[in-house]
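Dropping the sequence and predicted coords here.
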Amino acid sequence: MTPRDRNETEAPQNKDAPLSERYPGLEVLSADPENAQTASRSHLETYLTPRGEHYIRNHHRTPKIDEDEWTVSLTGMVTDEDELTMDEIKHDYSTESVVHMMECSGNGRAFFSPEAEGDQWTDGAIGNAIWTGTPVREILNEYEAATGDGLWLSVMGGEAIDDEDVYCRSIPMAKILDDCLLAYEMNGKQLTAEHGHPVRLLVPGWFGNNSVKWVERMHVMDTMVFGDEWTSKNGRDYTKYQQSSYRILPAQDDEPKQYASVDIFSTHDQMQSPDKIRNAYLFDQLVKSLITSPTDDAELTLPSDGKLEITGIAWAGEDEVEHVEISVDGGKTWHKAEFIGPELGRHSVQKFRYVWNADPGKQTLLSRATDEHGRSQPATISDPEAGLRGIDGTEYPWNQKGYGNNAYVPLGVSVTVRE
Ligand SMILES: Nc1nc2c(c(=O)[nH]1)N[C@H]1C(S)=C(S)[C@@H](COP(=O)(O)O)O[C@H]1N2
Ligand SMILES: [Mo]
């Protein structure tokens with residue numbers, strides 16, 4: 001038996017216990033379907049988020065899947081359509097690992113005013129894990145699939161029952177060939193049922209909605225899922241989670257404009273090009289950071305040297321985090337933080353640290369990350385009346401579903417002097 005076949009799980013043992021018991025490190029937002037975020041930002045202090053503390057985001061219920069019976073079919077622009085068993089996926093191809101900071105595009109929705117529709121995630125719909133699996137590129141090569149520029153791989157989840165819409169995401173071929181995995185392990189252990197067992201797509205650096213769980217089919221095509229053929233296939237809509245959900249929709253739009261194909265893949269660039277793409281798709285993650293210590297409402301006692309340490313994490317999707325600044329006065333002045341810790345690759349969080357010469361009293365801390373293109377986190381969410389489609393100076397566009405919020409969030413702490 002190889003390490004890839006191990007069967008242990010850490011937190012969730014009893015599959016029939018309620019979600020809150022199986023994942024004690026999560027705050028449950030809805031139990032059916034299962035949606036839960038990391039209970040405290042202090043859980044994110046560790047470089048790697050344990051499987052039991054990584055947020056869970058489901059549109060339908062977690063399926064019960066027997067790995068030995070499961071197959072992934074490969075269809076569309078390939079020489080021979082086929083079905084792969086899990087044994088083939090695990091053993092007939094190379095094994096690769098990537099550290100990926102996954103963020104749900106609904107993370108930070110709770111900070112929208114007026115409120116945006118959906119579960120009110122604050123800042124716990126993120127997790128940094130090692131994902132291990134088979135490079136999708138190798139499977140496509142083996143089956144002599146078409147892999148030219150402008151093609152898409154539409155990846156479908158197998159959990160929908162009855163007339164539920166199929167969870168399907170179309171990923172640009174260039175990204176698939178570059179670094180996407182069919183992942184079957186998280187932090188060196190088998191995926192838990194909720195995180196996609198037996199196999200999920202893993203799209204490094206991209207918003208979590210792209211990493212399709214319980215993969216049942218991969219279809220090579222020359223458009224995204226789009227149009228009549230895919231809106232009513234076998235009585236089900238395959239386009240919903242690509243074309244309707246996960247789009248930046250200002251208050252003024254009735255529905256997102258759908259495209260057969262796009263050639264801008266950076267979410268930020270889409271948002272800034274509304275004449276080309278009217279409603280950005282949520283693809284790669286935007287630059288963002290989070291202070292993980294101290295935590296909200298902390299009461300800190302000043303040591304004799306007056307110095308307190310602030311630590312946190314920053315990430316920037318496909319880009320590098322260039323620097324992180326800290327403010328201890330609610331944003332009036334900013335100071336550069338230093339990066340610490342091991343280099344875990346460009347899709348991992350970067351951990352930062354700032355030593356604060358603190359004054360007693362109530363203080364407001366902020367962190368603000370900037371990526372390699374000089375894009376910094378905005379300060380606020382815009383007024384819906386403004387009708388923004390992209391980031392405008394320091395304002396993040398209010399949007400109907402509350403996606404992509406990367407504005408920085410004040411953290412209140414109080415500092416006292418030791419008696
Ligand atoms: N099949 C399927 N895949 C899915 C989803 C889903 O509902 N069904 N949710 C997506 C969303 S929106 C996110 S953020 C991530 C969450 O992955 P996690 O639950 O392992 O954290 O899975 C994605 N993959
Ligand atoms: Mo998500």
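Structure's in. What do you need? Numbers count the residues shown, from 1 in each chain. Ligands and ions are numbered 1, 2, ... in the order given.

Every contact and neighbour count from this point should use C-alpha atoms.
Noted.

Give me the distance between the closest residue to ligand 2 within the stretch 101-250 of the chain and Asn209.
With Cα to the ion as the measure, Cys104 is the residue of the stretch 101-250 of the chain nearest to ligand 2, at 3.6 Å. Between Cys104 and Asn209 the distance is 6 Å, computed by Cα to Cα, to the nearest Å.

same thing with Ala174?
For Ala174 relative to Asn209 (Cα to Cα), the value is 18 Å.

What residues does the stretch 151-300 of the chain have near ligand 1?
157, 167, 195, 208-209, 211-214 (Cα under 6 Å from any ligand atom).

about what we covered before: higher neighbour count, Ala174 and Asn209?
Between Ala174 and Asn209, counted using other Cα atoms under 10 Å, Asn209 has the larger neighbour count: 24 against 18.

isn't there a helix covering that one?
Yes. Applying DSSP: H, G, I helix; E, B strand; the rest coil, one finds Asn209 inside a helix.

Surely it and Gly106 touch.
No. Using Cα atoms under 8 Å, Asn209 makes no contact with Gly106, being 9.4 Å away.

Leaving out the residues flanking it, which one is nearest to the residue of the stretch 101-250 of the chain closest to ligand 2?
Gly208 (4.8 Å; Cα to Cα, 6 or more residues apart in numbering).

cool, Met271 as well?
Met271 sits nearest to Gly390 (Cα to Cα, 6+ apart), 4.3 Å away.

got the residues of the stretch 1-150 of the chain near ligand 2?
The interface of the stretch 1-150 of the chain toward ligand 2, taken as Cα under 5 Å from the ion, is made up of 104-105.

helix, strand or coil for the residue lying closest to Asp32 once chain neighbours are set aside?
Of all residues not flanking Asp32 in the chain, Arg61 sits nearest, at 6.5 Å (Cα to Cα, 6+ apart). When classified by three-state DSSP, Arg61 comes out as coil.

so who does Arg61 touch?
32-34, 159 (Cα atoms under 8 Å, 6 or more residues apart in numbering).

How many residues are close by Glu142?
11.

same deal with the one 4 residues further on?
By other Cα under 10 Å, 18 other residues sit near Ala146.

Does it touch Asp80 like I think?
No. The criterion here is Cα under 8 Å, and Ala146 misses it with Asp80 at 11.5 Å.

which secondary structure elements does the worst-scoring helix or strand of the chain on mean pLDDT contact?
Least confident helix or strand of the chain, by mean pLDDT, DSSP states H and E, is helix 19-22 with a mean of 89. If you count contacts as 3 or more Cα pairs under 8 Å, 6 or more residues apart in numbering; DSSP states H and E, helix 19-22 packs onto strand 26-30.

does ligand 1 sit close to the strand it packs on?
No. Judged by Cα under 6 Å from any ligand atom, strand 26-30 stays clear of ligand 1, getting no closer than 11.3 Å.

could you point out which element follows that strand?
Sequence-wise, the next helix or strand downstream of strand 26-30 (DSSP states H and E) is strand 35-38.

Any chance you could list what contacts the helix or strand following that following strand?
Tracing the chain past strand 35-38, the next element assigned as helix or strand by DSSP H and E is strand 56-57. Residues external to strand 56-57 that are found in contact with it (Cα under 8 Å, 6+ apart): 34-37, 104, 125, 194-195.

tell me the mean pLDDT for strand 56-57?
Mean per-residue pLDDT for strand 56-57: 98.

Quick check: neighbours of the helix or strand following that strand in the sheet, parallel or antiparallel?
Note on strand 56-57: by DSSP H and E, the next helix or strand toward the C-terminus is strand 71-76. Counting by DSSP bridges, the strands paired with strand 71-76 are strand 82-85 (antiparallel), strand 215-221 (parallel).

Let's test this: mean pLDDT of the first one, rounded?
Right, the one you point to is strand 82-85. With pLDDT averaged residue by residue, strand 82-85 scores 98.
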